[in-house]
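Enquirer: One predicted model, sequence on top.
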Amino acid sequence: MKITTKELRIQPGKIIDHVAKGHEVIITYHGKALAKIIPLEKENKLEEKLQAAGKDEGIFGLWKDYPIEKSVEEQVRDLRKGREF
């Protein structure tokens, strides 16, 4: 189902009911697809597929190979200090 951003503002309850029944909703803005609302079950299934494939590194995937030499508190303190010239 495709809806406009105006329809989303005017009839949010109707759209949520549609998604709750298992349907996807694509939101358009000036005729171009902007966002997609999907039922939570479909999202969970996607996450499970990614985890099974070993591609889900979570929020810290960038840091997975980073050597940890300091405590978390020290690391955060250093990050908050900013640059020192």
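Expert: Ah, there it is. Bear in mind the structure is a predicted one, so any value in this text is a computation, not a measurement.
Enquirer: contacts and neighbour counts: CA atoms only from here.
Expert: OK.
Enquirer: Quick one: name whatever helix or strand follows the worst-scoring helix or strand of the chain on mean pLDDT.
Expert: Each helix and strand of the chain was given a mean pLDDT (mean pLDDT, DSSP states H and E); the minimum falls on helix 40-52 at a mean of 67. Using DSSP states H and E, the helix or strand that follows helix 40-52 towards the C-terminus is helix 72-81.
Enquirer: can you list contacts of that next one?
Expert: Contact with helix 72-81 is made by no outside residue, as judged by CA atoms under 8 Å, 6 or more residues apart in numbering.
Enquirer: Now find how far off-centre that helix is within its chain.
Expert: Mean-position distance between helix 72-81 and its chain equals 26 Å (CA atoms, centre = their mean, to the nearest Å).
Enquirer: can you tell me the helix or strand for the residue nearest to Thr4 when sequence neighbours are not counted?
Expert: Distances taken as CA to CA, 6 or more residues apart in numbering put Thr28 closest to Thr4, at 4.8 Å, once the chain neighbours are dropped. Thr28 is located in strand 25-29, with elements delineated by DSSP H and E.
Enquirer: partners of that strand in the sheet?
Expert: strand 2-4 (parallel), strand 32-37 (antiparallel) (DSSP bridges).
Enquirer: Same list (those) but as JSON lines, adding mean pLDDT and distance to Pro67.
Expert: Rendered in JSON lines, the data for those read as follows (pLDDT from 0 to 100; distance: least, CA to CA, whole Å):
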{"stretch": "strand 2-4", "mean pLDDT": "93", "distance to Pro67": "47"}
{"stretch": "strand 32-37", "mean pLDDT": "93", "distance to Pro67": "38"}
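Enquirer: from these, which stretch is densest packed?
Expert: Most buried of these by mean neighbour count (mean count of other CA atoms under 10 Å) is strand 2-4; its value is a mean of 15.
Enquirer: Secondary structure element holding Lys6?
Expert: Take DSSP H and E as the rule and Lys6 turns out to sit in helix 5-10.
Enquirer: how much distance is there from that helix to the middle of the chain?
Expert: The gap between where helix 5-10 is centred and where its chain is centred comes out at 22 Å by CA atoms, centre = their mean.
Enquirer: how close does Lys36 sit to Ala20?
Expert: Distance from Lys36 to Ala20, counting by CA to CA, to the nearest Å: 14 Å.
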